[in-house]
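Trainee: Turn this into a structure:
(one chain, ligands or ions: 2)
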Amino acid sequence: MDCIFCNIVAGELPANKVYEDEHVVAFHDINPIAPVHVLTIPKKHIPSAMAIETEDWELLGHLFHGIQQVAKATGVDQSGFRVITNIGEHGQQTVHHLHYHVIGGRQLEWKA
Ligand code: AMP
Ligand code: ZN
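Mentor: Ligands and ions are numbered 1, 2, ... in the order given. Below is the predicted model:
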């Protein structure tokens, strides 16, 4: 499959990993917008949050567990951070493999 995040999961594309378990991998965004900018993804290819199915509900728990581990590993668990998933054209989703941006390490503004 021609999916860069599947290629990272498969180890065919290098990534600077922060966390990994059976279901989830997290790695630094190649184009960070803040001191901490990590992408947390399921190893399973799911095109976006709109493609999540009932059988994936348990996986979502693993994803948020992964996000908690990323926050601790990058030191933003106490200072706070933001979790974002972009969906579709207006959401400016560019990689069509579900991912949660974990962004922090500075004071964030709330602007769309
Ligand atoms: P989105 O626009 O929400 O689909 O986010 C995709 C993110 O993936 C962007 O922030 C990119 O900078 C990031 N990205 C694209 N390719 C890579 C890569 N090979 N390694 C790490 N991050 C990547
Ligand atoms: Zn994929």
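
Trainee: For the lengthiest helix in the chain, list every residue counted as buried.
Mentor: Ranked by number of residues, the top helix in the chain under DSSP state H is helix 57-74. By 16 or more other Cβ atoms under 10 Å, the buried positions in helix 57-74 come out as 59-60, 62-63, 66-67, 69-71, 74. All C-beta spots, glycine's among them, are computed from the backbone N, C-alpha and C.

Trainee: Those: which ones sit near ligand 2?
Mentor: Contacts with ligand 2 within the buried residues of helix 57-74, as defined by Cβ under 5 Å from the ion: none are present.

Trainee: in the sheet, who's paired with the residue nearest the centre of the chain?
Mentor: What sits nearest the mean C-alpha location of the chain, by Cα atoms, centre = their mean, is Thr40, with 2.4 Å. Counting by DSSP bridges, Thr40 forms beta bridges with Ala26, Tyr100.

Trainee: Give me every residue in this structure lying close to ligand 1.
Mentor: 4, 13, 15, 27, 29-31, 39, 86, 92-95 (Cβ under 6 Å from any ligand atom).

Trainee: Buried members of these into PyMOL, please.
Mentor: Buried residues among the residues of the chain next to ligand 1 (16+ other Cβ under 10 Å), as a PyMOL selection:
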select buried, resi 15+27+29+39+86+93
